[in-house]
Every structure is written in C-alpha cells, then in structure tokens.
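J.: Here is my input, please return the structure:
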Amino acid sequence: MANTSVQKTLIVFKPDAVQRGIVGEILSRFERVGLKIVATKMIAPSKEHYFKHYEEIGKMISRRGQGTFDITLEMMVQGPVIAMVLEGVEAVELVRKLVGTTEPKSAVPGTIRGDFSHMSFGYADNEGKGIPNLIHASGDPEEAEQEISHWFADEELYDYQTLNEKFTR
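T.: Numbers count the residues shown, from 1 in each chain. Below you'll find the predicted structure:
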C-alpha cells in the first residue's frame, strides 16, 4: 500500500539552476500544487558535506561509480545552492514526478527537467562533465528524512498553516 501521509522532502537547487536565475520559476511549480516551504537557505557546502549527502546517504559511488561521484562533486561546488524542505501529501513522490527523470534528455515535457534542461548521460560521459539537471529531490521517504537532518537542524524547520492547505489536505 502506498504511503498516503503528509511528508517532508528535500530539494536542492543546484548551481546551474541558481546561476541561470530560474529558481523562482521552478519553485512556483511546487507551490502551485500545494506543497509548502518549511525550511530554506542558500549555502555553499563543503566537499565533505556533499560526500555525506551523495555517498553516505545516497550511495552514489556504489551505484554509479567513483567517476560519476567525482564529476558530480566538482559540478556541485561551482557555486552556491538553495536547499529547501517542502511539505505536503505524498510530497516525496509528488516532487519526483514534477522534477522528471535524472537524465534531462529522457525527462518528458511538462516536468522541470523536461522544460528547462536537455543533456544525455552519453554526452556528459563523452565530455567528462556532470549532468546539469537543475535540482536534487529525495528518492524516497527514508532518504528524505536522512537528507533533511543532514541539511537542516530541527530548529530550522517551521510548522505553520497555509490557506492552501484547506484545499490540498
């Protein structure tokens, strides 16, 4: 049975989204479907912070290899990122659906990656570069919980009522 509860999920606007100036346009998509922002900050994390995020939590090296991890790490330290926690009904799955597949080339039109980015894994691999796919989104509720506690302290998460919740919960 699917988890039909109110959840929190982490999103990180990657350096390519921040530097292109499209964070607001992307964020509006999450707000329009009834997700609310419960935490946000702009930061330039260290390589150690990203190691914990991508390997200790996300297991990137074991899933995709050291080369992919190294390229991703280099891409992520190219500028500041904006980290947010969003909350809503089945938020993890909803955000993943809105974001689209990890490979922008495969992301369907109407998704964030399908509308704002286009690159294939093959091209990125041939060029020895990371995939500029704009945003990180937690993969499942357990990962979301670990990622949120890695990026935010409990006192940085806010609990408040939005008018929108009347219609979305």
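
J.: Now residue 164: closest residue in space, sequence neighbours ignored.
T.: Distance criterion C-beta to C-beta, 6 or more residues apart in numbering; nearest residue to residue 164, sequence neighbours excluded, is residue 34 at 5.4 Å. Just so you know, the C-beta spots here come from the backbone N, C-alpha and C atoms, and that holds for glycine as well.

J.: now swap in residue 53 and tell me
T.: For residue 53, the closest residue by C-beta to C-beta, 6+ apart turns out to be residue 150, at 6.0 Å.

J.: For the stretch of helix or strand that neighbour belongs to, list the C-alpha coordinates in PDB.
T.: Assessed by DSSP states H and E, residue 150 sits inside helix 141-151. Listed next in PDB are the C-alpha coordinates belonging to helix 141-151 (Å, rounded to 0.1, in the frame of the first residue of the first chain):
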ATOM      1  CA  PRO A 141      10.700   8.900   2.400                       C
ATOM      2  CA  GLU A 142      13.600   7.300   4.300                       C
ATOM      3  CA  GLU A 143      16.200   9.100   2.200                       C
ATOM      4  CA  ALA A 144      14.200  12.400   2.600                       C
ATOM      5  CA  GLU A 145      14.400  12.000   6.400                       C
ATOM      6  CA  GLN A 146      18.100  11.400   6.400                       C
ATOM      7  CA  GLU A 147      18.800  14.200   3.900                       C
ATOM      8  CA  ILE A 148      16.700  16.700   5.800                       C
ATOM      9  CA  SER A 149      18.500  16.100   9.000                       C
ATOM     10  CA  HIS A 150      21.800  16.400   7.200                       C
ATOM     11  CA  TRP A 151      21.000  19.800   5.600                       C
END
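
J.: now the helix or strand following it, how far from the centre of its chain.
T.: Per DSSP H and E, the first helix or strand lying C-terminal to helix 141-151 is helix 165-168. Distance, stretch centre to chain centre, for helix 165-168: 24 Å (C-alpha atoms, centre = their mean, to the nearest Å).

J.: thought the residue nearest to residue 53 was touching residue 51?
T.: No: judged on C-beta atoms under 8 Å, residue 150 makes no contact with residue 51 at a distance of 10.9 Å.

J.: Excluding its own residues, what touches the helix holding residue 150? List them.
T.: 3, 7-10, 12, 39, 49, 52-53, 57-58, 83, 85, 91-92, 138, 157 (C-beta atoms under 8 Å, 6 or more residues apart in numbering).

J.: buried set for it?
T.: 141, 143-148, 151 (16 or more other C-beta atoms under 10 Å).
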